[in-house]
Each structure stands twice: as structure tokens, then as C-alpha cells.
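In: quick one, fold the following:
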Amino acid sequence: MEDRLRRQAEEKNELLHELNTLKGLEKRVICLLDGDGMIFTQELMSQGQEGGLAAARKLTERVRQFISTSEGFEQYQLWVYLFYNKRGLLETFGRVGLTTVRAKFDDFMMGFNQAAERFIMVDVGGSKEAADAKLKVHLEDNIRLPHTYKIFFGGCHDNGYVHNLRSVVTSSLGHKLVLMPGYSDVAIDIRALQLPELRIPELFITTKLVAPSYNVIATCPPPGLAPTTPKLTAPQPAGPPTTPPGISSFSGEGQGAVARRGSIPSYKSVLQTPLTVSARFNCPTMEPSEGSSESSEASEIPLRLPRLTPPSPPKQRRINHQLPLSKHVPPPCTLFYLAQCRHGPSCKYSHEYILEAEHYQELGENAKKTPCKVTNEGGDCPFADECVYGHSCPNGTTCYYLKLGKCKFVAAGMHRQPNN
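Out: You can find the predicted model right below:
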């Protein structure tokens, strides 16, 4: 009799445990982070693996403080999903001069993923809105589960999430949502939802990484040129000064030259200043592509002086976020923003748009769909991986037009299987 009563008591306890789980008494807290807008600080990422571990600890501690202060308990499981576009981030880091961060990023990611079993930092690739799709699915799948107690949502920079967040609020589940803004500015429609917020400025950067065309990140002489000490002369204006303010001379010290005033600017860092000195190459950057200017002189690569103040076009255009860049009228000039356009005010594409980091990324991805002229003719491009245009077909061996004999990437080896 006693054994039977004991077994019944054990079965009852097991059923109560399962019931408590279904009621949500065993709570799960989830952080959903869009890595394109939730970018860790330079200080943390430059520490590599140790920085990744430190970032995970800081995130865990701040979430614990928020839960314990607002809810009065600390027993829960913390899950963190961070989705990002690695290639896009690395290109942005390089564009704004965060070379140490770029070099240490893989180690940082490893440290973050190793910090806890439920911490997941995933590269979703360069497909447009890939991170958005992942976050939306995880939000919809988890918000209605009874054991999901809170979801900290880190996608507050993008109005594209507002429909999903509003749907959660309309379904009377808004009490489970906490916004976790990375940038200081929250998208206006998301801010209008008036949800509680947790900000961690010591963990995430608070302003967008935007690389203006005049930002000088001098690391080496322009690709293909020997590390010499050329004499460069700025275009002569109507009156003084004849040299850009703050620069007394230009001297190159080859690879590894430290970024500073008075050094040779790197090829990709100085984007939009008029040219006066030319070096002869078969230049892939003068090849026309979608959304870029055309040139009939593909044999000159100009050296350019750094522009130390923002360009002041007579008119500035705003990007319509509902349209791809190539659908704007006129489209932004790829060469003006990524390399150098030789046509100036007469260019049939626009030099007047105000671009952000994601727009530079989109321009770069579109340009890679056009073959580099030098490589496509079987030559060796002097810019290698730094070339604006494509050295291989983006579709690799699966290219539909290759099977029809119509692909514009025609040189040998341009249809290798792409690296994922």
C-alpha cells in the first residue's frame, strides 16, 4: 500500500511539473538581435575572442538586472540569437577604417558563441533582408509559446519590423516585448508603439557606421603603384590656398603606412576628389555597370587628393528606401561612391545622393555582377580583390546564362563554385 501511494505521489509531482512548464512557470527569456543594426563597440571587438566573451557576459548581466528590477525574479533560461551579414559588416569596417576590428572579428564571433550553449551568432550571408527574415520568424514562433516570458528585440533601427511588432501588441502579447535599441535613434513607427526599452550603450555602438566619401583611411599607396614618394599637385583654384588645408606634403612608406595627415591616401579611401596625376593601367574601375558612369578611357587610373571637408553638391537627394538603388531616377553613380567617376557634373548618373552604409553595400553587390574588363579579357587586374567589379560570376557553376552561352563573364575560371 505504501509503495503504491509513493508511486502515485511521484506521478502527481511529475504531472505538476509538466503543468507548471506549460503554464510558463519555467520561464525563457530570448534576445533577438539584428546584427546589421546591433553592432558591438570597437573596444570589445578589437579584443577578439576575449571581447566576445566579455560582450556575452555584459549582455547576460544587463538582462538579469532588467528582469530582477522590473519583475523581481532571476530564474530563467536566456537564449540569444544574433543574425548578421559578415561580408557587409567587414566591408563597412574597412570603409570606415576599423582595420583592427575587421581583423579580429572572427575571433570575437568565436568568443561570443562559446560563452554559453544558448548564445548563437550566425552569418546569414549577403542576401537582402536575410537577417530580417530570420528575426521575424523567431519572433512569431516564440512570442506565443507559454514558457516564453520576455523577448528583447534588437531591431529598432528598421521600420521593416513594425508590422510584426504591432501584430504582437494587437494580439495582447505586448507585455512580453522589450525593445533593445542599439542606435540612439529608434525608427519612428517602432517608437510609436511605446514599448519598454533596455539600452546598453557600453555594449553596442549608438550611431550608424557611415563612411563619407571624404573620410581618409591611408594604409598604403594605390594598388599597382610602387611605394614611392610622388609629388602631387592639387587642381589650381581661382585663389589660394593651392594645397588642401592641413596637408603640407604627401610621402609614402609602402605597406603598413600609418593613417595620418601628410601620408599617401589608399586607393579605396579617397573617393571623390578631382584628379591631376595619372598612372597607366588597364583599369577595371572604368568599366560601366548598372547604376554607374561609363568611360571610354579605361587605361587611366588617377591619383586623388583626400577631400577634407564634406562635398557640397548644389542639390542633395534622399534615398527612397522602398526602391532598389538601381530603380532611382537617376541611379547613384557606382564609380563616384566606390571608386572615381571621370565625368563630374556631366555624368548621366547622380552624384548627389546621401548614402548610408547599407547603400554602399548594395552598390558594391550590384557592381560585382558586372565583370571586370581586365579579368574578363584574361588579364591580371592590378586591384585584385579590391576591384569594384566582379572577377567571377556570382552564380558560379549554376549560372543559367552560362548554359545558354550568354553569360557576360567569359574568361576562363570565372564560373568557379562560389565560396559560401
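
In: excluding its backbone neighbours, what's nearest Tyr76?
Out: Excluding the flanking residues, the one nearest Tyr76 by Cβ to Cβ, 6 or more residues apart in numbering is Lys27, at 4.2 Å. C-beta: built from backbone N, CA, C; applies to glycine.

In: residue contacts, the one you found?
Out: Phe73, Gln75, Tyr76, Gln77, His147, Tyr149, Lys150 (Cβ atoms under 8 Å, 6 or more residues apart in numbering).

In: which residue of this protein lies farthest from its centroid?
Out: Met1 (68.3 Å; Cα atoms, centre = their mean).

In: before we move on, back to that, including neighbour count and distance to Gln49, could the contacts of Lys27 go into CSV?
Out: Formatted as CSV, these follow (neighbours: other Cβ atoms under 10 Å; distance: Cβ to Cβ, whole Å):
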residue, neighbour count, distance to Gln49
Phe73, 10, 32
Gln75, 8, 30
Tyr76, 18, 27
Gln77, 12, 24
His147, 16, 32
Tyr149, 20, 31
Lys150, 24, 29
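
In: can you tell me how far the residue most central in space within the chain is from Glu140?
Out: Geometric centre of the chain, nearest residue: Leu89, 3.4 Å, by Cα atoms, centre = their mean. Distance of Leu89 to Glu140, computed by Cβ to Cβ, to the nearest Å: 26 Å.

In: can you give me the strands for the stretch 251-400 of the chain?
Out: For the stretch 251-400 of the chain, the strands defined by DSSP state E, counting those that start in this stretch cover 275-280, 300-304.

In: if we can go back for a sec, which of the contacts of Lys27 sit farthest apart?
Out: Farthest apart among the contacts of Lys27 by Cβ to Cβ are Phe73 and His147. That separation is 14.2 Å.

In: where does the prediction get shaky in the stretch 1-150 of the chain?
Out: Flagging of the stretch 1-150 of the chain using pLDDT under 70 yields the residue ranges 19-26, 73-74, 128.

In: which stretches of it form strands?
Out: Secondary structure of the stretch 1-150 of the chain, counting by DSSP E, counting those that start in this stretch: strands at 27-34, 76-84, 119-123, 148-154.

In: list the pairing partners of the second one within its sheet, with orientation.
Out: If I follow you right, that is strand 76-84. strand 27-34 (parallel), strand 119-123 (parallel) (DSSP bridges).

In: ditto for the last one
Out: Sheet pairing of strand 148-154 (DSSP bridges) gives strand 27-34 (parallel), strand 177-179 (parallel).

In: just put those in a markdown table and tack on distance to Leu135.
Out: Output for those, formatted as a markdown table (distance: least, Cβ to Cβ, whole Å):
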| stretch | distance to Leu135 |
| --- | --- |
| strand 27-34 | 5 |
| strand 177-179 | 13 |
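
In: deepest-packed of those strands, please.
Out: Among these, the stretch with the highest mean neighbour count (mean count of other Cβ atoms under 10 Å) is strand 27-34, at a mean of 22.

In: and that strand, how far out from the chain middle?
Out: Centroid separation between strand 27-34 and its chain, computed with Cα atoms, centre = their mean, to the nearest Å, is 22 Å.

In: now it - C-alpha only, CSV.
Out: Taking only C-alpha atoms (Å, rounded to 0.1, in the frame of the first residue of the first chain), the coordinates of strand 27-34 have been written out as CSV:
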residue,chain,number,x,y,z
LYS,A,27,10.5,30.9,-17.9
ARG,A,28,12.5,31.5,-21.1
VAL,A,29,14.0,34.9,-22.0
ILE,A,30,15.0,35.4,-25.6
CYS,A,31,17.2,38.1,-27.2
LEU,A,32,16.6,38.6,-30.9
LEU,A,33,19.3,40.9,-32.4
ASP,A,34,19.7,42.2,-35.9
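
In: residues contacting the residue nearest to Lys86 when sequence neighbours are not counted?
Out: The spatially closest residue to Lys86, leaving aside those adjacent along the chain, is Asp123, at 4.1 Å (Cβ to Cβ, 6+ apart). Asp123 makes contacts with Tyr84, Asn85, Lys86, as judged by Cβ under 8 Å, 6+ apart.

In: which one (most neighbours) among these?
Out: Tyr84 (24 neighbours; other Cβ atoms under 10 Å).

In: count the residues that sit near the closest residue to that residue other than its chain neighbours.
Out: Leaving aside its sequence neighbours, Tyr84 sits nearest to Gly35 (Cβ to Cβ, 6+ apart; 2.5 Å). Gly35 is flanked by 25 other residues according to other Cβ under 10 Å.

In: test my guess that Gly35 contacts Met121.
Out: Yes: at 7.5 Å, Gly35 counts as touching Met121 under the criterion of Cβ atoms under 8 Å.

In: what's the overlap in contacts for the two?
Out: By Cβ under 8 Å, 6+ apart, Gly35 and Met121 have these common neighbours: Leu82, Tyr84.

In: okay but Ile30 is in contact with Ile151, surely?
Out: Yes: using Cβ under 8 Å, Ile30 makes contact with Ile151 at a distance of 4.9 Å.

In: hey, what's in contact with both of the two?
Out: Asn142.

In: in the protein, which spans are helices?
Out: For the chain, helices defined by DSSP state H occupy the ranges 2-23, 42-45, 49-71, 86-96, 99-114, 130-143, 162-170, 188-191, 334-338, 357-367, 373-376, 400-404.

In: which strands or helices does the fifth one pack on?
Out: So the one you mean is helix 99-114. helix 42-45, helix 49-71, helix 86-96, strand 119-123 (3 or more Cβ pairs under 8 Å, 6 or more residues apart in numbering; DSSP states H and E).

In: got JSON lines for those, with distance to Arg416 too?
Out: Supplementary listing: those in JSON lines, determined by distance: least, Cβ to Cβ, whole Å:
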{"stretch": "helix 42-45", "distance to Arg416": "31"}
{"stretch": "helix 49-71", "distance to Arg416": "32"}
{"stretch": "helix 86-96", "distance to Arg416": "17"}
{"stretch": "strand 119-123", "distance to Arg416": "21"}
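
In: what's near enough to touch Lys176?
Out: Lys176 is in contact with Ile143, Thr148, Tyr149, Lys150, Ile151, Val168, counting by Cβ under 8 Å, 6+ apart.

In: per-residue pLDDT of the closest residue in space to Lys408 that isn't next to it in sequence, please?
Out: Of all residues not flanking Lys408 in the chain, Pro371 sits nearest, at 5.6 Å (Cβ to Cβ, 6+ apart). Here the pLDDT value assigned to Pro371 is 91.

In: over to Pro418?
Out: 51.

In: quick one on the thing from earlier: turn the helices of the chain into CSV, including distance to Leu323.
Out: Shown next, in CSV, are the helices of the chain (distance: least, Cβ to Cβ, whole Å):
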stretch, distance to Leu323
helix 2-23, 47
helix 42-45, 32
helix 49-71, 36
helix 86-96, 19
helix 99-114, 30
helix 130-143, 17
helix 162-170, 19
helix 188-191, 19
helix 334-338, 16
helix 357-367, 11
helix 373-376, 29
helix 400-404, 25
